[in-house]
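1. quick one, structure for this:
(3 chains)
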Amino acid sequence: MDGGTTSTAHPAPAPAGRSALNPHPDRLLPSDPAVRAIARRLYDSVRDLPLISPHGHVDPALLAANPAFTDPASLLVTPDHYVTRLLHANGVPLNELGLPDREGAPVAEPREVWRAFCTHWHHFLGTASRQWIESELFDVLGVREQPCADNADELYDQLVAELAKPAMRPRALFESFNIAVLATTDDPADDLRHHRELAADPEWSGRVVPTFRPDRYLDATSGEWPRALERLAEASGVETDSYRGLVRALEVRREHFRANGATATDHSAPDPEMAFLPEAEAERLFHEVRDGRAGPEGARLLSRQLLGENARMSSEDGMVMALHTGSCRNHHPRTFARYGADTGHDIPVRTEFTRALRPMLERFGTHPRFQTVVFTLDETVFSRELAPLAGFYPTVYLGAPWWFLDAPRAMRRFRDAVTETAGFHRTSGFIDDTRGFCSIPARHDTARRVDAGHLAGLVAEHVLGEDDAAEVLRDLNDGSPRRAFRL
Amino acid sequence: MDGGTTSTAHPAPAPAGRSALNPHPDRLLPSDPAVRAIARRLYDSVRDLPLISPHGHVDPALLAANPAFTDPASLLVTPDHYVTRLLHANGVPLNELGLPDREGAPVAEPREVWRAFCTHWHHFLGTASRQWIESELFDVLGVREQPCADNADELYDQLVAELAKPAMRPRALFESFNIAVLATTDDPADDLRHHRELAADPEWSGRVVPTFRPDRYLDATSGEWPRALERLAEASGVETDSYRGLVRALEVRREHFRANGATATDHSAPDPEMAFLPEAEAERLFHEVRDGRAGPEGARLLSRQLLGENARMSSEDGMVMALHTGSCRNHHPRTFARYGADTGHDIPVRTEFTRALRPMLERFGTHPRFQTVVFTLDETVFSRELAPLAGFYPTVYLGAPWWFLDAPRAMRRFRDAVTETAGFHRTSGFIDDTRGFCSIPARHDTARRVDAGHLAGLVAEHVLGEDDAAEVLRDLNDGSPRRAFRL
Amino acid sequence: MDGGTTSTAHPAPAPAGRSALNPHPDRLLPSDPAVRAIARRLYDSVRDLPLISPHGHVDPALLAANPAFTDPASLLVTPDHYVTRLLHANGVPLNELGLPDREGAPVAEPREVWRAFCTHWHHFLGTASRQWIESELFDVLGVREQPCADNADELYDQLVAELAKPAMRPRALFESFNIAVLATTDDPADDLRHHRELAADPEWSGRVVPTFRPDRYLDATSGEWPRALERLAEASGVETDSYRGLVRALEVRREHFRANGATATDHSAPDPEMAFLPEAEAERLFHEVRDGRAGPEGARLLSRQLLGENARMSSEDGMVMALHTGSCRNHHPRTFARYGADTGHDIPVRTEFTRALRPMLERFGTHPRFQTVVFTLDETVFSRELAPLAGFYPTVYLGAPWWFLDAPRAMRRFRDAVTETAGFHRTSGFIDDTRGFCSIPARHDTARRVDAGHLAGLVAEHVLGEDDAAEVLRDLNDGSPRRAFRL
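-> A predicted model of the protein is given here:
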C-alpha cells in the first residue's frame, strides 16, 4: 500500500466556468445594516479625496517617459511579489510567471503567464491581493468577468487592446487616479534625473518626490558594501574611505534629495536597533570592518551606528526617518540565487522596539526637528510597544499597517490595538508601498473603507459622534500623512 | 485581624438546580441575522460530510477489540486532560478525578469522579470543552439535562445503561460518526497489529491509518533515550549503536508504517529547529551523547539533527512531516512525579518559525516529494510567520488551530490572521487531536460552524460570493486535509 | 526647496466650536440590536452593585483628612499620567501641564493647564481616557459640554465652584460611589497611620485596606537600595545588614500590614522571574551586592531571590501575591531627570511567564495557602501562557487587563483570548489601578459594560444561556475579586 505522495490528487476546486466580476459598492464595510449606513456616509465623505502616497515603489521613469503598458501579465503579475508568491505556493514555478531564471529555465511569455494567473485565480479567494486586483480589473481596466482558465486568452487580448489607449498611459492614469503627492523610493546615488525632468516639464503638474533610501550604504554586513561605497563616493564627490567621509557623503546626498523635494528617508534594516559610538570609535570600527578584521558582529554594529547617524542627520535636516524593519529577506537561498531579491520570500520575524529605540529616543525623542514613522510586520507590538511610544514621544508617528498587514482585517486589528492608547492623530495615515502603479487607487480605497467601517463601529457603540468620526477620517486621509511625512 | 487565607469564602456560583441541556441548532454561528442566514446555508452544505481525522490519539485497539465503554467518568473525564486540568484549577485534586497517584493517595471510583465533574460543571462555562461535551452528551449519549450536583447519580446510572447498548460500541460509533479516515498516533516500535487486524477484518471497512511518531527516539536529552534505542533496535532488527544505525532503523520502521497505510509522521519537539550536520560529525556527536560526554547542548543538537534527518527521509519517502512544537511539557514536576505525563500542565511557550525552519526549507522547501504541516500554540506567528511561509513555499501547509487554540474564537482569529496572506487552500483543514473518541464529531462540527460563520462574514462584506464560499468550505472539509496529509 | 520641518503645518482638526457632552446610556454595548438588548439586561443587573477595588493608587490620606479638591486641572490632568502622556505626544511640554521641572522651566498655573487640556481634548478621541473622563465630567462633575478652547475658562470656573461643595469631598464621594472595599498601595515602611485613623473613626464605615508593595526594598539594582534598607530597618526595628535580617524585616512589616487589614502584596518587577537560592548562598550574594562586588547580574539575581522569598512568605501568611511586571520604566531619561517617575513614559516590553514562573510554581503551585494574581501588559501571553497556567494551577488567578490594556476593545480581546481555555472563574475581576479617585466609578462601569457585551455575544451565539451569563457577570463583580484577593 502506498501512502500517496502527490498533492494534486485532491486539487483545490477551480470554478466550473465563467462568473461575473462585479465588486459590490459596499464591499469591506461592516455588514450590520445600521453600522453599514454610518460607514457608507463616512466613506462617501472621503472616497473622492486626492490620494497622498508617502511611501511606495513606483519608478519615476514611468511618469517621466510615460510609456504604454504592454500587457496584463507584465502589468499585474510578473512584477508583483504579492501575486507571484501565492502562485508559487500553489505550485507554479517563478519562471512560468515571467521571472528570468539565472539557471536558465525557460521564461514564460506574457500570454502564458497570464494563463497561469487566470487558472490559479481561485487560490486568491479571501486574500488582500484579490481585493486590489478585482478593483484594478474592474475600475481601471474595465474587466467584467472573473479571470479563469476559460477566458484567459480572451481577457489577455482585451487588456492588450485596452492598455494601448492613451487614457491608459501612466501620466493620464496619475491624473485620473487623483494623486496629490507620490513619493518614490530612491537610491542615494541616483541623480534624480526623472524627478527633475518632471519638475521642469511645463506639461506636468503632479507632485512626485523622491525618498532617500540608503540601505545598501549602511549595511556593512553585505558583500556588496565596498562596491556601494565606491558608487556613493562617485555620486557625492566625497571620498568614502573613512567613517567621516562616508557620513559626509551621505549628508551631501541627503542635501541633493532635499533640494529635489524629498521630505523623508526610508530604512529597511533587519531590526530597529541603532548605535551611538563616539566618533573615534566609529572611525576605528569602520576600518576594521572594511579590512575584514571585525567579524559579523562588528559589521552589524557598524550598520547600527550608521543607522543612528541617519537619525542624527534627521534631527538636523528635518527629514522624516521612516523605519521599515523586521523582515528576514530572501528566506530561500536557492530562489534568491535563481531569481534575485523581492521574489516573495521575505518572511517577517518577531521585532522589539521598546528597548531597541531607546538609545535613539534618549537623544532625539523630544528634539524639535527630529521625526520618525515606525512600521512593523509584527502585530504584537501595536498595543504593547508602538502605541505607548507614539502616545508619549511627540517625534514618533505610528506607521499604518504595512506589507502583509496591509489588508482589511489586519487594518481593523491595527485600529483596535492602537486607538485606545494613542488615539488617531499619532498614526501615519495609509501608505500603499506598491510596485503596481495601477493598484494605488484600489489600495487607498481599501484603507478608506476599513477606516470608515472602524469609525462607524465606534459611532454605533457611542464612543464618538459621527461628526467627530468624519473629521477624524478626513484627517487620516489628508492631514495625517502630511504631518507624519512633512509633506 | 486576619486578611483571610481561603479562596472558598466566595465560591463561584453553582447553579441553583437542574436545567435543560439543549444545544441550539444555530450555536456558534454569527448572531447578526443576515450573516447567520448565510452561515446556516453554508453550514448545512457540509454538516453531513464524512469526517476526515488526519491527527488524533484514538487507540486503534479500541476499534480492533471493540469493547463497550463502561461509565461516563472513564469515557469523558479521567482520560481527557482538557477536563481534568480545569477541575484541578478549580480545586479538585487529580486522584479525585480517577488518576492513579504514584504517591498513594486514594483514587476515586468512577461514580465519585462523575459527581465531582457534575458538581464543578459550571466552571466550564464559556470554554471549548463545554461546547464539545454538551454536544457529546446530547447528540451521542442522549442526555437532556445539564450536569449538576443534584443529578450526578441519576445521570451516571443513565449513562452506564446507555453505554452498554450495542450501538455505543466503538465500531458502531465509528460508523454512525461517518468517519471516512481516522489517523492514529503510534510508536515506531509498534508492530501495528491492531491496524493490520482491522485491515484484514472482512467485517470492517473503515479506514484507520497509523502515524509515525518517533519523539522518544529523537529526544537525546531524555534519560529514557538509551532504553528507547534498544527497543527500536529490537523492533527494526537494525543495531542502533551508531548514528548510521539509528537512522537506518528509523527508515526501516517508516517503511513498515507506510506498508500499513501511514501517510504522515508527527513530531512534538520543544521547538521546530533542525540541524543538518555532515554525517561524520553527526556520528561523532551521537557517540559523545551516548557516552555522556556532550552535555545538554550536545544532546539538544543531536535531537535537532535527528529531526532534520526525518525531514530528509520525508523528502525521499513522501511521508508528510507534521510539526507540533512549542509546549513546555510537564510544567509542574510534582504533578508529573505523582500522575505522569499528559495530565494538564503542558504550557505553551513563545515559538519562532521563520529562522528556525530556514535550514530545513533551504534544503527541502521546493522539493517535489517533501511536505510539512506546521502547527503552533503561539497565535502570534499566524500572521507574522506561518501565513507568509505557507504563502510562498509549495511544501508548507499551515496547520489548523491546535490544542488550546482549537476553540471557536481562537479558530476565528486564526482565519482572520492567515487568510488575507495565504488564502484558504494553503491551510490544513481541521484536526481533532483528540483522546476522547466520542468527541470527534462534536469537534469537527465546531470547526464547520466556525468556518461557515467566518465565510458568511466575508460573503456579507462582499469579499467573496456565496458560491465561492461554499466551495471553499467543502474543500476545507475534504480536499484540504487530504492534500495536506496526502490521504 | 525645503522639505518642510514642522509638524504643525497640517494640524489635526480641532472642533469648530462647542458641542454637547452627553454620554449615551448604551455606550460600549454591542451595536447589533438583538445583542444589545441582552447586553443591556445583563448590564442593568450589575450596574448598581457596590464597587470592589482590590488594586489602585488612591492616597489613604485623602479619605483620612477629607480635604476639598481645588480645581479641575489638579484633579483630572496633572496627576494622571494617562492624560499628560498623550498631551505631551501632541506637543504640550509637561511643565505646561503643571509638572514641576527640576531644571526650572516655569510651571503652568492650574487654569493654564486646564486651558491646554481643553484645547487638545480632541486628541483623545477614541481613547480609553476619553471614555473615563467623559463619564467623570458628566456623572460626577455635572459638565454638559465637551471641553474645547472656547469654553475652557468657563468650565474651569464652574468646576472650581462645584468642587467646593461638601458633596464633592472625598468621603462623600466614597459613599456616593458605593465603594465596598478600596485597597491602597503602600510602602512597607509606612506606619499605616491613615488606615488606622479611618478604622478608628466612628464616623467612618468604609473598608479601606493597605497593600504591601515592597519594590524598592527588593530592587537591589537601584542606587536607592542601601538607603531603602536603612528606612526598612528603622520601620521594622530589625537590622537589615544581612540577608536574614532583610527577610525578617520584611516579614515583620507584612505582619504589621496584615494586622491593619492587608490581604495582598503587590510587585512591579521588570519581569516575573524569581530565584530560590540556598540560604547561605543568598546571604553571600547579599553581601557581595551590598559591597558592590556582584555586578549588575548579581544585583538582578538578588532581586529575583527577594521576590521568590516573598512568594515563600505568601505561602506562609496567606497574603495574595499580585504580580504587575513587564514595563520598561522611565524610558526617556531626560524626562525622568526633569519630571521624575510616573510621567507617562513607562513602555511595555515582551514578557515571558511559562518558564519564568516555573521555579516558583514548582514550589508553591499547589500549596494550600499560596495564591498569586498575574497581570501583564503583553497581550500575547493571554491565550498562550496565562490562561493555560490559570487553567491548571489552583493558586494562579489571571489578572484582568491592566494599564494600557484597561480599555474597552482590549478588555474584549482579553475575554476572547482566555475564556475558552480558563473559563471565567479563574480571572481576577476588574482592577481600576487608578490615581484619579473620581475615575473609579467610570472605570468599573466600563468593565461592566464590556463584560456585559461580551457575555451577551456568547448568549446570542448560544454558547451559554442568559441566566448563566447573569450569574457569571455578578460573580465577576463580586465573588471573583474577593476570591482572587482574599478580600
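2. flag every residue of the stretch 101-250 of chain A that's near chain B.
-> Contact residues, the stretch 101-250 of chain A versus chain B (C-beta under 8 Å from any C-beta of the partner chain): A:H122, A:H123, A:F124, A:L125, A:G126, A:T127, A:A128, A:R130, A:Q131. In this view, the C-beta of every residue, glycine as well, is placed from N, C-alpha and C.
3. okay, helices next: where are they in the stretch 101-250 of chain A?
-> A:110-119, A:128-135, A:152-163, A:170-176, A:193-200, A:215-218, A:225-236, A:243-259 (DSSP state H, counting those that start in this stretch).
4. so of the ones you listed, which one's packed in deepest?
-> The highest mean neighbour count among the helices of the stretch 101-250 of chain A, using mean count of other C-beta atoms under 10 Å in any protein chain shown, belongs to helix A:128-135: a mean of 23.
5. quick check: whatever residue of the stretch 51-200 of chain A ends up closest to chain C vs chain B, distance?
-> In the stretch 51-200 of chain A, the residue that lies nearest chain C is A:A199 (8.9 Å; C-beta to the nearest C-beta). A:A199 is 38 Å from chain B, where distance means C-beta to the nearest C-beta, to the nearest Å.
6. ok, now which ones touch that residue?
-> Contacts for A:A199 (C-beta atoms under 8 Å, 6 or more residues apart in numbering or on different chains) come out as A:N260, A:G261.
7. nearest to A:A228, of the residues of the stretch 101-250 of chain A next to chain B?
-> Set against A:A228, the nearest of these by C-beta to C-beta is A:A128 (33.4 Å).
8. apart from its neighbours in sequence, what residue is nearest the closest one?
-> A:A407 (3.4 Å; C-beta to C-beta, 6 or more residues apart in numbering or on different chains).
9. just checking, the one you found touches B:T421?
-> Yes: the criterion here is C-beta atoms under 8 Å, and A:A407 meets it with B:T421 at 7.2 Å.
10. of these two, who's got more company?
-> Legend: neighbour count by other C-beta atoms under 10 Å in any protein chain shown for A:A407 and B:T421, higher for B:T421 (31 against 25).
11. just say helix, strand or coil for the closest residue to that one other than its chain neighbours.
-> Ranked by C-beta to C-beta, 6+ apart and with sequence neighbours excluded, the top spatial neighbour of B:T421 is B:A387, at 3.8 Å. Of the three states, B:A387 takes helix according to DSSP: H, G, I helix; E, B strand; the rest coil.
12. can you check the pLDDT for the closest residue to chain B within the stretch 301-450 of chain A?
-> In the stretch 301-450 of chain A, the residue found nearest to chain B is A:A407; the distance is 3.7 Å by C-beta to the nearest C-beta. Looking at A:A407, its pLDDT reads 97.
13. re earlier: next, give me the two most distant ones among the residues of the stretch 101-250 of chain A next to chain B.
-> Spatial extent of these (C-beta to C-beta) is set by the pair A:H122 and A:A128 at 15.8 Å.
14. hang on, the earlier thing: redo the residues of the stretch 101-250 of chain A next to chain B as JSON lines? Include pLDDT.
-> Formatted as JSON lines, those follow (pLDDT from 0 to 100):
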{"residue": "A:H122", "pLDDT": "97"}
{"residue": "A:H123", "pLDDT": "97"}
{"residue": "A:F124", "pLDDT": "98"}
{"residue": "A:L125", "pLDDT": "97"}
{"residue": "A:G126", "pLDDT": "97"}
{"residue": "A:T127", "pLDDT": "98"}
{"residue": "A:A128", "pLDDT": "96"}
{"residue": "A:R130", "pLDDT": "97"}
{"residue": "A:Q131", "pLDDT": "95"}
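15. which strands and helices lie in contact with the longest helix anywhere in chain A?
-> In chain A, assigned by DSSP state H, the helix with the most residues is helix A:295-317. With contacts taken as 3 or more C-beta pairs under 8 Å, 6 or more residues apart in numbering or on different chains; DSSP states H and E, helix A:295-317 sits against helix A:215-218, helix A:243-259, strand A:264-267, helix A:279-290, strand A:320-324, helix A:358-364.
16. can you do 10 Å?
-> Packing partners of helix A:295-317 (3 or more C-beta pairs under 10 Å, 6 or more residues apart in numbering or on different chains; DSSP states H and E): helix A:215-218, helix A:225-236, helix A:243-259, strand A:264-267, helix A:279-290, strand A:320-324, helix A:358-364.
17. and those as a markdown table, adding distance to C:H81?
-> Shown next, in a markdown table, are these (distance: least, C-beta to C-beta, whole Å):
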| stretch | distance to C:H81 |
| --- | --- |
| helix A:215-218 | 36 |
| helix A:225-236 | 44 |
| helix A:243-259 | 37 |
| strand A:264-267 | 31 |
| helix A:279-290 | 37 |
| strand A:320-324 | 26 |
| helix A:358-364 | 17 |
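18. C:L306: which of those is closest?
-> With respect to C:L306, and counting by C-beta to C-beta, the nearest of the helices and strands packed on helix A:295-317 is helix A:358-364 at 26.2 Å.
19. wait, A:P54 sits on A:S428?
-> Yes: contact criterion C-beta atoms under 10 Å: A:P54 and A:S428 qualify, at 7.6 Å.
20. overlap of the contact sets of the two?
-> A:V320, A:A322, A:V373, A:A400, A:S480, A:P481, A:A484, A:F485 (C-beta atoms under 10 Å, 6 or more residues apart in numbering or on different chains).
21. and the fifth one, what element?
-> Which is A:S480. Element membership of A:S480 [criterion: DSSP states H and E] is helix A:479-485.
22. how about that helix and chain C, touching?
-> Yes: using C-beta under 10 Å from any C-beta of the partner chain, helix A:479-485 reaches chain C at A:G479, A:S480, A:P481, A:R482, A:R483, A:A484, A:F485.
23. next, the contact list for the first one, please.
-> Just to be clear, that refers to A:G479. By C-beta under 10 Å, 6+ apart, A:G479 lies in contact with A:I52, A:H425, A:G429, A:E471, A:V472, C:A9, C:H10, C:P11, C:A12, C:P13.
24. run the last query once more with 7 Å
-> Counting by C-beta atoms under 7 Å, 6 or more residues apart in numbering or on different chains, A:G479 touches C:H10, C:A12, C:P13.
25. any idea which helix or strand carries A:T434?
-> Counting by DSSP H and E, no helix or strand carries A:T434.
26. quick check, pLDDT for it.
-> pLDDT for A:T434: 89.
27. where's it relative to A:L76, distance?
-> Distance, A:T434 to A:L76, using C-beta to C-beta, to the nearest Å: 12 Å.
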